[in-house]
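*Asks:* Structure for the following, please:
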Amino acid sequence: MILQTHLNRALTVMAGDPGLSGAVVTVGHGYIRAARDFKTHRNIVEAVGLLGPLAPDRMVVELVHAGPGQGVVSMFNFGAAYGVLRGACMMAYPDVPLIEVRPQVWQNAIRKEVGWKPREFDSRAIALQQFPKHASLFKRVLDHNTADAVLLGIYVLMKLEGVS
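*Replies:* Numbers count the residues shown, from 1 in each chain. Below is the predicted model:
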């Protein structure tokens with residue numbers, strides 16, 4: 001449970017995995033709070049406001065791009081949700097730095113930190129292993145988005161602590 005030590009730090013990070021099927025989480029001070037299963041863009045905005053109520057030390061959104069085989073309409077909808085998430089973060093906490101991190105960057109750092117050997121990165125498996133007290137957040141197959149957001153937040157906590 002190597003990542004648990006980062007979770008216990010006296011810093012808070014709000015992290016977002018974009019999309020209606022994504023998640024917004026707050027990690028730090030020993031806890032994980034999550035909002036997910038969004039039905040509308042308004043739900044994303046509400047999640048950012050509700051996960052406070054105090055401003056986090058940092059905010060991070062996963063910087064994602066279109067992949068091969070993804071349809072134009074689905075990518076447009078995903079991009080809209082991405083923009084809503086970014087805008088909600090900047091409006092709710094205008095003085096808190098918002099950073100964007102590519103999936104390959106944070107996944108490689110987490111992989112190295114926990115010694116993940118399998119070729120395929122499995123955020124749910126890592127989150128279940130590293131945060132057993134929060135296993136209910138990762139029990140469904142579709143909870144990989146919640147796990148992504150949590151691990152992205154932990155990555156930022158690691159960076160704030162100077163862990164490379």
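*Asks:* what's the neighbour count on the residue nearest to residue 8 when sequence neighbours are not counted?
*Replies:* Spatial nearest neighbour of residue 8, excluding adjacent residues (C-beta to C-beta, 6 or more residues apart in numbering): residue 30 at 4.8 Å. Heads up, the C-betas are built off the backbone N, CA and C, glycines and all. Using other C-beta atoms under 10 Å, residue 30 has 11 neighbouring residues.
*Asks:* for residue 16, same thing?
*Replies:* 32.
*Asks:* Now do the contacts for it.
*Replies:* Neighbouring residues of residue 16 by C-beta atoms under 8 Å, 6 or more residues apart in numbering: 22-25, 48, 59-62, 85, 89, 149, 152.
*Asks:* Could you pick out which of those residues are located in helices?
*Replies:* Counting by DSSP state H, the contacts of residue 16 place 48, 85, 89, 149, 152 in helices.
*Asks:* Mind putting these into a markdown table with distance to residue 15?
*Replies:* Listed next are those as a markdown table, based on distance: C-beta to C-beta, whole Å:
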| residue | distance to residue 15 |
| --- | --- |
| 48 | 11 |
| 85 | 10 |
| 89 | 10 |
| 149 | 5 |
| 152 | 4 |
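*Asks:* Please name the spatially closest residue to residue 107 (chain neighbours excluded).
*Replies:* Closest to residue 107 by C-beta to C-beta, 6+ apart is residue 121, at 4.9 Å.
*Asks:* What's the separation between the residue positioned nearest the centre of the chain and residue 63?
*Replies:* The C-alpha lying nearest the average C-alpha coordinate of the chain belongs to residue 149 (C-alpha atoms, centre = their mean; 1.7 Å). Plainly put, residue 149 is 13 Å away from residue 63 if you go by C-beta to C-beta, to the nearest Å.
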